[in-house]
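1. Predicted model, plus sequence, below.
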Amino acid sequence: MTKSFTSAVVGALVSDGTLDLDTPVASLLHAAVTSDVAKREVTVRHLLTMTSGLPADGRWELCEVALHGGSWIEMMLGAPLRSAPGAEYAYNNGALKLLSAVVPQVAGDSLGTVAAQRLLGPLGVDRYEWPADPEGHEIASGHLLITPCDMAKLGLLFLREGKWEGAQLIDAGYVDAATARQAPGRPFPEGVSYGYLWWVDDLACPPTFFAGGHGGQYIYVVPAFDLVVVTTADAYTESRPFGRALRNLIESYVVRAVRS
Amino acid sequence: MIREAGGVDSGLDLDLLAAADTRIQGLPELRNTESLVVVHGGEVVFSATTAVVRRTTWRTRTR
């Protein structure tokens, strides 16, 4: 779920021209990327769509990287590519770590500061905590602590094409792209397509997009019904079917309630 | 922009929403669910929560 808030922050920076999605990540982070020319082609867009080609599991899972000490950025960018940038989807928390480092490079402020100024402040969200990792970057991949009603505001912002109380916080073109299929997304963990850090169920009737967080946190948006549904849960030790069961319930009851 | 419904006829089947909440409570596989908030037409039309503030260590695998 936190990832979709990160997407919104990136969207705000794209909207005013601060950030170009096709900028190579290595050029922004000035990190050692070895002599692998292909790795220099990893762009911000690849990070958003989980198609960077950088490894995401085993020793390269973000939690494991943290145990090694040293620079996480250099370790991740130093990892051997699993596939060519843009070629394959692979769920990757480390990509969000790179994004959290990209934001200060282009905006001059941390992800958390930009979020407060460009997103959460305008939305009237003032009760939240966005913890930082030991390197001082807000954790772009998770752990944002926020109320269910304020989660719903993010869904409503994207439902309203980036507009909030007359202000265009995020360009509508970015919102459209973020909530449209950009990568296969399947099968892990939600089994649907992927946009820019949003899940996209483009095969549903009607189509939906949603933010999905570990443990059962969902911001579920059904544009055709002008509907946003939020769930929170603490199923951190449950297996993957928990989220699917929760989504099924939303579709079976809540969406049906609107249809009726 | 999000407004509480306050008795407004939202056009939703509130009985069905209440049934969803009841079903969440009753299904063992969904026993960990804490909140259900429904926003329709820009208004909060249904809200049920038992949520408590909880902090996880960042070591927890995230999504």
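-> Cool, got the structure.
2. low-scoring pLDDT stretches of chain B, where are they?
-> B:1-14, B:23-32, B:50-63 (pLDDT under 70).
3. next one: the stretch 1-150 of chain A
-> By pLDDT under 70, the weakly predicted segments of the stretch 1-150 of chain A are A:31-35.
4. Please report how far the closest residue to chain B within it lies from A:Gly212.
-> Using Cβ to the nearest Cβ, the single residue of the stretch 1-150 of chain A nearest to chain B is A:Gly142, 2.5 Å away. Placement of C-beta: from N, CA and C, glycine included. Relative to A:Gly212, A:Gly142 is positioned 11 Å away (Cβ to Cβ, to the nearest Å).
5. How many residues are close by residue 15?
-> This is for chain A. A:Ser15 sits with 19 neighbouring residues when counted by other Cβ atoms under 10 Å in any protein chain shown.
6. wrong one, chain B
-> Residues near B:Asp15, counting by other Cβ under 10 Å, number 10.
7. That one belongs to a strand, doesn't it?
-> No - B:Asp15 is assigned helix when assessed by DSSP: H, G, I helix; E, B strand; the rest coil, not a strand.
8. which ones are touching it?
-> Listed by Cβ atoms under 8 Å, 6 or more residues apart in numbering or on different chains, the contact set of B:Asp15 is empty.
9. For the residue lying closest to A:Lys163 once chain neighbours are set aside, list the residues it contacts.
-> Leaving aside its sequence neighbours, A:Lys163 sits nearest to A:Leu169 (Cβ to Cβ, 6 or more residues apart in numbering or on different chains; 7.2 Å). Residues near A:Leu169 by Cβ under 8 Å, 6+ apart: A:Ala8, A:Ala12, A:Ser15, A:Arg118, A:Leu119, A:Pro122, A:Leu123, A:Leu157, A:Gly162, A:Lys163.
10. what do you get for A:Gly112?
-> A:Gly112 touches A:Trp130, A:Ala132, A:Glu138, counting by Cβ under 8 Å, 6+ apart.
11. looking at these, which has the most residues close by?
-> Most crowded among the contacts of A:Gly112, counting by other Cβ under 10 Å, is A:Glu138 at 26 neighbours.
12. so how far is A:Leu29 from that residue?
-> Separation of A:Glu138 from A:Leu29 (Cβ to Cβ) stands at 16 Å.
13. Surely A:Gly136 touches A:Ser110?
-> Yes - counting by Cβ atoms under 8 Å, A:Gly136 does reach A:Ser110; the two are 7.4 Å apart.
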